[in-house]
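> with the sequence up front, the predicted model follows.
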Amino acid sequence: MASESGITGKERDRAKEGKEWLLLLLSVLVAFIIWLLHSLSLQYSVFFEYNLELTSSLEGRARSATSEDVLIIRGRSEGYYILRQRIGRRKTLRVTAPASSMTYRHGDVFSVGCESIKSNIVEALGGSVELEFIVSDSLDFQFPRTASKRVPVAPRTSIVFDGQYMPLGRIELRPDSVDIYGDARLLETVDSVMTETISATGVDGPIQGICPLVPVRRVEFSEDNIFYSMNVVRYIEESMTVPVTPVGVPAGKDLIVLPSSVRMTFRRIFSSIQYSPDDFVLAVDYDGFINTIDSEMVPELISAPEGVISWSIEPRYVDCILLDSREDGQ
């Protein structure tokens with residue numbers, strides 16, 4: 001006889017049995033996941049296969065090449081890393097080797113003994129694998145002949161300084177030039193290489209860092225990254241009237257400067273030192289005057305106190321008049 005709810009006892013038993021099976025399956029699944037995570041966290045000793053990209057400094061040849069042979073090593077690593085290595089395409093190790101470790105074979109082919117670059121391989125593994133031994137004896141690489149030349153590195157910057165702060169000199173790059181490799185006709189079109197944009201805001205002190213170079217299609221660089229530094233100082237701005245002095249005037253000549261003094265505005269490193277007009281020497285040169293067709297000259301700052309960063313004068317030009325001088329008593 002059916003119960004008042006319309007569900008028989010057998011149906012209730014089947015529903016209960018179904019829930020028990022579902023709970024059992026979930027328990028098995030959770031147990032499997034826990035076992036898998038634990039297993040993947042353990043260390044295993046296995047064989048690994050890698051493609052090897054070698055960078056060298058062979059004169060007159062390509063900077064890097066990838067071996068057609070496979071680098072085989074034996075090492076210990078976590079199951080997570082091993083699983084990633086087994087999935088997808090074979091991974092590539094990028095190592096650098098000196099030209100002295102390479103043996104010329106024929107044509108463009110050079111051979112490298114794996115043991116001779118063992119430390120480089122360990123570095124390329126980056127701690128992911130504890131190297132036990134290298135199975136491969138040596139690998140062959142093709143380094144085709146290519147042109148090269150050295151070009152300067154040009155910085156690309158976007159730097160905003162805090163109030164009353166400015167750079168002391170230009171940004172410095174190390175190295176400031178790199179070797180580039182590629183087709184000779186292509187290299188003729190490359191006069192310099194650029195850094196990625198060096199960005200900073202609110203700068204109120206020296207800055208430094210490492211910046212990559214902007215790639216050039218079908219051209220390789222001897223350096224991938226450039227170290228940069230810039231000295232930044234706090235400054236104050238001052239103005240004073242400074243006389244303009246003619247220099248190099250021969251005997252028997254007078255060089256008259258109009259106006260004889262100009263207003264100099266300069267920025268200097270912040271300090272309590274006080275400057276006077278006598279600390280500056282603004283001059284116009286006699287030889288420069290006679291070699292110009294114009295009577296106007298731009299005064300040159302011959303001497304300034306240490307700590308002066310930049311300067312300007314008003315007016316920018318002065319008029320010069322050359323006269324014969326008179327000896328006293330005549």
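Sure, I can see it.

> spatially central, which residue of this protein would that be?
With distances taken as Cα atoms, centre = their mean, residue 211 lies nearest the centre of the chain, 2.2 Å away.

> now for it: which residues touch it?
By Cβ atoms under 8 Å, 6 or more residues apart in numbering, the contact set of residue 211 is 195, 196, 198, 225, 226, 228. No exception for glycine: its C-beta is placed from N, CA and C like everyone else's.

> for those, which one is nearest residue 148?
Closest approach between the contacts of residue 211 and residue 148, by Cβ to Cβ: residue 226, at 18.3 Å.

> how near is that closest one to residue 124?
Relative to residue 124, residue 226 is positioned 22 Å away (Cβ to Cβ, to the nearest Å).

> and for residue 305?
For residue 305, the distance to residue 124 (Cβ to Cβ) stands at 54 Å.

> between those two, who's got more neighbours?
residue 124 (19 against 12; other Cβ atoms under 10 Å).

> and that one, helix, strand or coil?
Recorded secondary structure, residue 124: helix (DSSP: H, G, I helix; E, B strand; the rest coil).

> what's near enough to touch it?
93, 94, 95.

> what's opposite the nearest residue to residue 195 once chain neighbours are set aside in the beta bridge?
Closest residue to residue 195 apart from its sequence neighbours, by Cβ to Cβ, 6 or more residues apart in numbering: residue 211 at 4.7 Å. With DSSP bridges as the criterion, residue 211 is bridged to residue 226.

> check what pLDDT the closest residue to residue 312 other than its chain neighbours gets.
Leaving aside its sequence neighbours, residue 312 sits nearest to residue 265 (Cβ to Cβ, 6+ apart; 5.4 Å). pLDDT for residue 265: 96.

> next: residue 26.
Reported pLDDT for residue 26: 79.

> specify the local secondary structure of it.
With three-state DSSP as the basis, residue 26 sits in helix.

> separation between it and residue 212?
50 Å.

> now the strands: where do they sit in the stretch 51-200 of the chain?
For the stretch 51-200 of the chain, strands defined by DSSP state E, counting those that start in this stretch occupy the ranges 64-66, 71-78, 92-96, 102-106, 109-113, 130-134, 138-142, 147-154, 157-161, 165-167, 172-174, 177-182, 193-194, 198-203.

> any idea which of those gets closest to residue 235?
Ranking those by their distance to residue 235 (criterion: Cβ to Cβ) puts strand 165-167 first, at 5.5 Å.

> avg pLDDT for that closest one?
The pLDDT scores in strand 165-167 average 93.

> quick check: buried residues in that strand?
Within strand 165-167, the residues scored as buried using 16 or more other Cβ atoms under 10 Å are 165, 167.

> who's in contact with that strand?
Applying Cβ under 8 Å, 6+ apart, the contact partners of strand 165-167 are 159, 161, 203-205, 230-235, 267, 309-310.
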